[in-house]
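# Got a predicted structure plus its sequence, pasted below:
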Amino acid sequence: MAVPQRRSMAVPRRQNQRSATVAATLSFLLPGAGQAYTRRWRPAVIFGLPSLAGLALLGNELAQGVSHFAARLLDPAVALTVLLATVVFGVWRVAAVFHAWRAGRRTLMAWMVMPLLVALIVASHGFAYVSATAVLNAGNQMASGGDGLLGPVATLPAVGAGATPTPLAPTSSAQPGATPDRAPSPSADPQTDGDPYNDHDDDAEPTITRGQPPPFDVASIDTATDGWLNVLIVGIDWMPGRDSRRTDTMIVVSTNTTTGEVYMFSFPRDIAQFPVYTGGTFNGKLNGFARYASRDARLYPDGGLKSLGYQVGYLLGIPIDYYAAVDIPGFERVVREIGGVTIYNETEINDTYIHGGKGFFLPVGQHRLNAADTLSYVRSRKGSSDFARAHRQQQVLTALRREMTKPEKLANLPAIMDAIGQVLRTDFPRERISELLKLSEQVNDEPTNGYVFRSPEWATFHPRSETGGRTVTTLRIDKLRELSLQVFGEQSLYSR
């Protein structure tokens with residue numbers, strides 16, 4: 001009798017029937033998710049936990065806006081870390097996708113999807129790498145020194161001490177900390193005659209009438225613990241026919257590091273006959289001081305823009321910590337890459353002279369300005385004054401800050417940073433970027449207050465009939481002293 005054979009009770013191992021396409025796609029979205037889908041729990045944890053930590057860190061940075069993220073990358077240490085992390089995480093994602101893909105059921109679709117997912121990883125991480133590199137390069141450009149924006153520089157001829165050139169307007173010997181003379185009777189705001197872009201004094205060579213040095217050296221004051229971050233924003237302009245570039249925009253942005261209050265102070269370009277922080281009186285206009293200082297390394301060893309910061313801080317009564325200089329003609333590209341700005345125009349502009357006679361018209365109201373119109377908006381003088389123009393420049397700075405915080409600007413970050421690197425120079429230390437970002441979190445979108453030093457309240461405009469056809473404004477030092485003490489209190493130089 002035949003003995004029946006017993007059937008084996010062992011169950012052969014079945015192949016994983018879950019889709020390789022789904023597994024790979026899930027690990028593409030989040031490394032480790034595809035492994036969890038195929039029930040391979042240990043690889044899911046190994047691939048997933050580092051990925052979750054990295055994504056959480058990145059999400060926290062991006063949630064604070066594009067400008068915050070880009071500013072962090074200006075620190076070389078942060079930028080190099082991000083570059084390394086971008087490469088490592090890219091390789092990690094490819095490994096996770098391939099591992100999940102192999103564990104699933106591979107169909108023709110799976111073989112088609114796998115190379116597509118790898119290509120997307122390479123493209124996305126390549127974009128991140130290019131973006132971080134663009135920010136790092138822009139930071140290197142911005143820190144390369146600002147005096148190059150002033151144009152070719154030649155050494156000034158020696159000027160003897162006590163030289164007394166013909167003044168542009170009545171002089172004042174007022175110094176911060178001293179009781180200033182009362183300014184002449186104020187007059188109406190200047191309205192430019194003829195073509196406002198035809199500057200009649202471009203060839204005038206400024207000089208300094210020597211005088212007694214002030215009782216303190218503003219260039220040596222330690223500002224680390226004064227409770228304020230004071231930055232001079234300089235717009236350097238150039239017009240056909242000029243052989244130099246001038247600082248036609250000078251705005252001090254002062255931030256109280258404790259309260260987050262922000263104040264903006266605009267100095268008109270035509271301010272003249274002002275006391276100099278090294279002593280004496282400058283017989284020229286404020287917009288030519290930086291170029292003058294850049295040509296006299298003996299008296300101004302820190303260069304033109306840094307010396308302009310000392311000078312403006314001396315007049316305002318608060319030391320300037322850093323400067324940021326912008327090439328205004330190149331500024332148009334920055335606005336173009338950002339996608340324009342939204343402003344509210346308070347006074348109708350009808351400038352028939354700007355852009356070589358092409359003209360610029362803008363009615364009162366809210367407008368979305370493109371790059372060309374934004375440049376016209378900050379440069380136009382006809383029908384208003386330099387004071388109104390300074391107010392518009394403050395508006396645009398605030399509008400740019402709003403635009404840069406929008407997450408959708410991230411996609412255009414490399415082009416934006418490349419444009420900024422071409423036109424911006426600053427002496428702000430990149431290793432202090434994190435400190436600046438912490439301060440920015442306390443600051444509101446709008447400044448606490450803004451001041452434009454216009455006549456008659458803050459300055460005196462002198463008619464061209466008195467100045468040889470030149471547009472000249474002299475500051476009312478007594479009024480600046482009052483304002484400085486009001487805003488900065490005991491930190492004001494005028495309290496000394």
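It's in.
# domains of this protein?
20-142, 147-495 (automatic domain parsing).
# The ones you listed: lowest mean pLDDT?
The minimum mean pLDDT among these belongs to domain 147-495 (a mean of 77).
# returning to that earlier point: for the domains of the chain, could you give me a markdown table that also reports mean neighbour count?
In short, each C-beta sits where N, CA and C put it, glycine included. Compiled in a markdown table, the domains of the chain are given as follows (neighbours: other C-beta atoms under 10 Å):
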| stretch | mean neighbour count |
| --- | --- |
| domain 20-142 | 18 |
| domain 147-495 | 18 |
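# what packs against the helix or strand harbouring Ile416?
Secondary structure from DSSP states H and E places Ile416 in helix 413-423. If you count contacts as 3 or more C-beta pairs under 8 Å, 6 or more residues apart in numbering; DSSP states H and E, helix 413-423 packs onto helix 66-73, helix 108-142, strand 322-327, helix 328-338.
# repeat that for 7 Å
helix 66-73, helix 108-142, helix 328-338 (3 or more C-beta pairs under 7 Å, 6 or more residues apart in numbering; DSSP states H and E).
# Need the three-state assignment for the nearest residue to Arg72 once chain neighbours are set aside.
Among residues not flanking Arg72 along the chain, Val78 sits closest, at 5.3 Å (C-beta to C-beta, 6 or more residues apart in numbering). Reduced to three states with DSSP: H, G, I helix; E, B strand; the rest coil, the structure at Val78 is helix.
# now Thr25
helix.
# what's the answer for Gly468, then?
coil.
# For stretch 102-113, give me every contacting residue.
16-21, 23-25, 38, 40, 101 (C-beta atoms under 7 Å, 6 or more residues apart in numbering).
# Reformat the residues you listed as JSON lines; add distance to Arg476 and secondary structure.
Shown next, in JSON lines, are the contacts of stretch 102-113 (distance: C-beta to C-beta, whole Å; DSSP: H, G, I helix; E, B strand; the rest coil):
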{"residue": "Asn16", "distance to Arg476": "83", "secondary structure": "coil"}
{"residue": "Gln17", "distance to Arg476": "86", "secondary structure": "coil"}
{"residue": "Arg18", "distance to Arg476": "80", "secondary structure": "coil"}
{"residue": "Ser19", "distance to Arg476": "78", "secondary structure": "strand"}
{"residue": "Ala20", "distance to Arg476": "78", "secondary structure": "helix"}
{"residue": "Thr21", "distance to Arg476": "76", "secondary structure": "helix"}
{"residue": "Ala23", "distance to Arg476": "75", "secondary structure": "helix"}
{"residue": "Ala24", "distance to Arg476": "72", "secondary structure": "helix"}
{"residue": "Thr25", "distance to Arg476": "70", "secondary structure": "helix"}
{"residue": "Thr38", "distance to Arg476": "78", "secondary structure": "coil"}
{"residue": "Arg40", "distance to Arg476": "78", "secondary structure": "coil"}
{"residue": "Trp101", "distance to Arg476": "75", "secondary structure": "helix"}
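# which one of these sits closest to Gly284?
Thr25 (68.0 Å; C-beta to C-beta).
# can you tell me how far that closest one sits from Val113?
Thr25 sits 7 Å away from Val113, going by C-beta to C-beta, to the nearest Å.
# And Leu308, by the same measure?
60 Å.
# List the contacts of Tyr270.
In this structure residue 270 is Asp, not Tyr. Contacts of Asp270 by C-beta under 7 Å, 6+ apart are 285, 386, 471-473.
# same deal with Thr247?
Counted by C-beta under 7 Å, 6+ apart, Thr247 has contacts 234, 236, 287, 290, 308.
# Setting the sequence-adjacent residues aside, check what's closest to the first one.
Translated: Val234. Val234's closest residue in space is Ala325 (C-beta to C-beta, 6+ apart), at 4.3 Å.
# Tell me the bridge partners for that neighbour.
With DSSP bridges applied, Ala325 shows beta-bridge pairing to Val234, Arg425.
# again with Phe360
Asp351.
# contacting residues for it?
Under the criterion of C-beta under 7 Å, 6+ apart, the neighbours of Phe360 are 349, 351, 354, 376, 380.
# what's the fourth one sitting at in phi/psi?
Comment: the main-chain dihedrals of Ser376 come out as phi -60, psi -40, following degrees, to the nearest 10.
# One more: the first one?
Taking degrees, to the nearest 10, you get phi -110, psi 130 for the backbone angles of Ile349.
# contacting residues around the residue lying closest to it once chain neighbours are set aside?
Spatial nearest neighbour of Ile349, excluding adjacent residues (C-beta to C-beta, 6+ apart): Leu362 at 4.5 Å. Residues counted as contacts of Leu362 (C-beta under 7 Å, 6+ apart) are 345, 349, 377.
# Could I get the phi/psi values of Leu362?
Given degrees, to the nearest 10, the pair of backbone angles that Leu362 has is phi -150, psi 120.
# measure Phe98 to Thr426 for me?
45 Å.
# next one: Thr405
On the measure of C-beta to C-beta, Thr405 and Thr426 end up 19 Å apart.
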